[in-house]
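Visitor: Everything below, folded, please.
(2 chains)
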Amino acid sequence: MDIQLKRGLLDVCVLSSIKNEDSYGYKIVRDIQPYISISESTLYPILRRLESAEMLTVYSVEHNGRLRKYYRINEKGLERLREFEDEWKEIEAVRNYITRTE
Amino acid sequence: MKKNELLMELRRLTSHLPQEEADRFTQYYSEIISDAMEDGMSEEEAVASVGTIEEISAYIKENNNIQTDLNSKNVGTVENTVNKKKDLPVWAIVLIIIGFPIWFSMLCTAFSMYMTGWAVIIALFAAVLALFVSGIILIPAAVMMQDFALLMVMLGTGIFCIGLSLMGFVGMVKLSQLYVKATIFLAKSIAGIFKGDSK
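Guide: Predicted structure coming up:
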C-alpha cells in the first residue's frame, strides 16, 4: 500500500484492534497484519502517539513473572473511530472521482 | 542474536535519549520477544522477527523524538512535527554570564548603529522639509522682484524646490517603510534563533 495512505490508516487500525478488548503489542501486530502490513517497529511510535493524544491508556499486568503492557481505548479513541466512519463517505466520493470513466 | 544482546544494542542506540524513553523503548522490544517465544518461536527466531538492528536504528532516527509530539492534536496526520526543545547545558550558561561584557557591548553597538539609521532618515526628512520651505518662500519673494528675469528664475526655482521636496517626501516615506520592514525581518530572525524552530 502507498505509504502515505497507510500512515493515515494505521492509527485507526490500532485503535480498532483494542476497541472491544484491551490488547498488548505482540497481539496487536498479529491482529492487524491480515489487513495491513505492520511491523513491531512501526507499531511502537503509533502507540506512543495515541497515548500522547489521550486516545488510549497503558497499564501493566503481571504475566509469567514479567510485566506485560496492555492498551485500553479511551473515549477520545472511540471518537476517532467514529470520525473515521464519517470520513469514509468522503473517501468513497474521492474514489468515485478517481475511477470515473468520463 | 540472543535476546539480551539485542536489548543491549537497543540500550546503546537509545543512550542519547532520556532514561525513561530509552527504558520504555527497550522494554517494548523485550516484551515482544518474550511474547513471540511464548507463541512458539525460538529465541533466535523471536529476535529476528522484530527486525534487524539497522531497521530499528533507522526507526529511532526517523522518529527522532520517540516521545512524540505531546502537543500534537491531530493524531491522524502524516507528518508529526516534532517539537524539539533545546535545553542549554550548564557550561553554555556559564559562558554567557562570563562573556557578558563582550556580547553586551557588542549588542549596544549594534543597537546604536541601528538607531543611526533612524537618525539618518530623520535628517533626510528635515532636508526635504527645508527644501519645501525654501520653495514656499521663493515664490512670494519672486513676485516682489522688479527684474523680470530674476523674477522668473526665482519663481522657477521655487516651484522646482516644491516639486522636488514632494518627490523627496514620497521617497522618504518609502524608505522608512523599508527600514521598518527590515527591522521586523531582523527581529523575527533573531527570535527564531532563540526558539530553535525546526521548520
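Visitor: Going by C-alpha atoms from here, please, whenever you check contacts or count neighbours.
Guide: Noted.
Visitor: which residues of chain B score low on pLDDT?
Guide: Applying pLDDT under 70 to chain B flags residues B:64-87, B:195-199.
Visitor: That one - how does it break down into domains?
Guide: Under the assignment automatic domain parsing, the domains of chain B span B:3-62, B:118-195.
Visitor: Out of these, flag the one nearest chain A.
Guide: domain B:3-62 (5.3 Å; CA to the nearest CA).
Visitor: Export the domains of chain B as JSON lines, with columns for mean neighbour count.
Guide: Below are these laid out as JSON lines (neighbours: other CA atoms under 10 Å in any protein chain shown):
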{"stretch": "domain B:3-62", "mean neighbour count": "16"}
{"stretch": "domain B:118-195", "mean neighbour count": "15"}
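Visitor: With distance to A:T57 as added columns, please give these in TSV.
Guide: Formatted as TSV, the domains of chain B follow (distance: least, CA to CA, whole Å):
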stretch	distance to A:T57
domain B:3-62	15
domain B:118-195	32
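Visitor: Now render those as a markdown table, adding distance to chain A.
Guide: Listed next are these as a markdown table, based on distance: least, CA to the nearest CA, whole Å:
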| stretch | distance to chain A |
| --- | --- |
| domain B:3-62 | 5 |
| domain B:118-195 | 23 |
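Visitor: any idea how far B:G168 lies from B:A130?
Guide: Here B:G168 is placed at a distance of 11 Å from B:A130 (CA to CA, to the nearest Å).
Visitor: residues making contact with the helix or strand containing A:I91?
Guide: According to DSSP states H and E, A:I91 maps onto helix A:75-98. The contact list for helix A:75-98 (CA atoms under 8 Å, 6 or more residues apart in numbering or on different chains) reads A:V12, A:L15, A:S16, A:K19, A:E54, A:M55, A:L56.
Visitor: and the last one, how many neighbours?
Guide: Here the neighbour count serves as a burial measure; for A:L56 (other CA atoms under 10 Å in any protein chain shown) it reads 24.
Visitor: hang on, it packs against A:N74?
Guide: Yes: the criterion here is CA atoms under 8 Å, and A:L56 meets it with A:N74 at 4.8 Å.
Visitor: residue boundaries of the helices in chain B?
Guide: B:3-13, B:19-38, B:43-49, B:53-62, B:90-98, B:100-143, B:148-195 (DSSP state H).
Visitor: My error: substitute chain A in the last question.
Guide: Using DSSP H, helices in chain A cover A:3-17, A:25-32, A:40-52, A:75-98.
Visitor: the inter-axis angle of the helix holding A:I91 versus helix A:3-17?
Guide: 140 degrees (axes from the mean of the first three to the mean of the last three CA atoms, to 10 degrees).
Visitor: For helix A:75-98, give the mean pLDDT please.
Guide: Taken as a whole, helix A:75-98 has an average pLDDT of 92.
Visitor: Send over it as PDB, restricted to the C-alpha atoms.
Guide: C-alpha atoms of helix A:75-98 as PDB (Å, rounded to 0.1, in the frame of the first residue of the first chain):
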ATOM      1  CA  GLU A  75     -13.400   8.000  24.900                       C
ATOM      2  CA  LYS A  76     -11.200  10.100  22.600                       C
ATOM      3  CA  GLY A  77     -10.100   7.000  20.800                       C
ATOM      4  CA  LEU A  78     -13.600   5.800  20.300                       C
ATOM      5  CA  GLU A  79     -14.500   9.300  19.000                       C
ATOM      6  CA  ARG A  80     -11.700   9.000  16.500                       C
ATOM      7  CA  LEU A  81     -13.100   5.700  15.200                       C
ATOM      8  CA  ARG A  82     -16.500   7.300  14.800                       C
ATOM      9  CA  GLU A  83     -14.900  10.200  12.900                       C
ATOM     10  CA  PHE A  84     -13.200   7.700  10.600                       C
ATOM     11  CA  GLU A  85     -16.600   6.300   9.800                       C
ATOM     12  CA  ASP A  86     -17.800   9.700   8.700                       C
ATOM     13  CA  GLU A  87     -14.600  10.300   6.800                       C
ATOM     14  CA  TRP A  88     -15.200   7.100   4.900                       C
ATOM     15  CA  LYS A  89     -18.000   8.700   2.900                       C
ATOM     16  CA  GLU A  90     -15.600  11.400   1.800                       C
ATOM     17  CA  ILE A  91     -13.100   8.700   0.900                       C
ATOM     18  CA  GLU A  92     -15.700   6.900  -1.200                       C
ATOM     19  CA  ALA A  93     -16.500  10.100  -3.000                       C
ATOM     20  CA  VAL A  94     -12.900  10.600  -3.800                       C
ATOM     21  CA  ARG A  95     -12.500   7.100  -5.000                       C
ATOM     22  CA  ASN A  96     -15.500   7.500  -7.300                       C
ATOM     23  CA  TYR A  97     -13.900  10.600  -8.700                       C
ATOM     24  CA  ILE A  98     -10.600   8.900  -9.300                       C
END
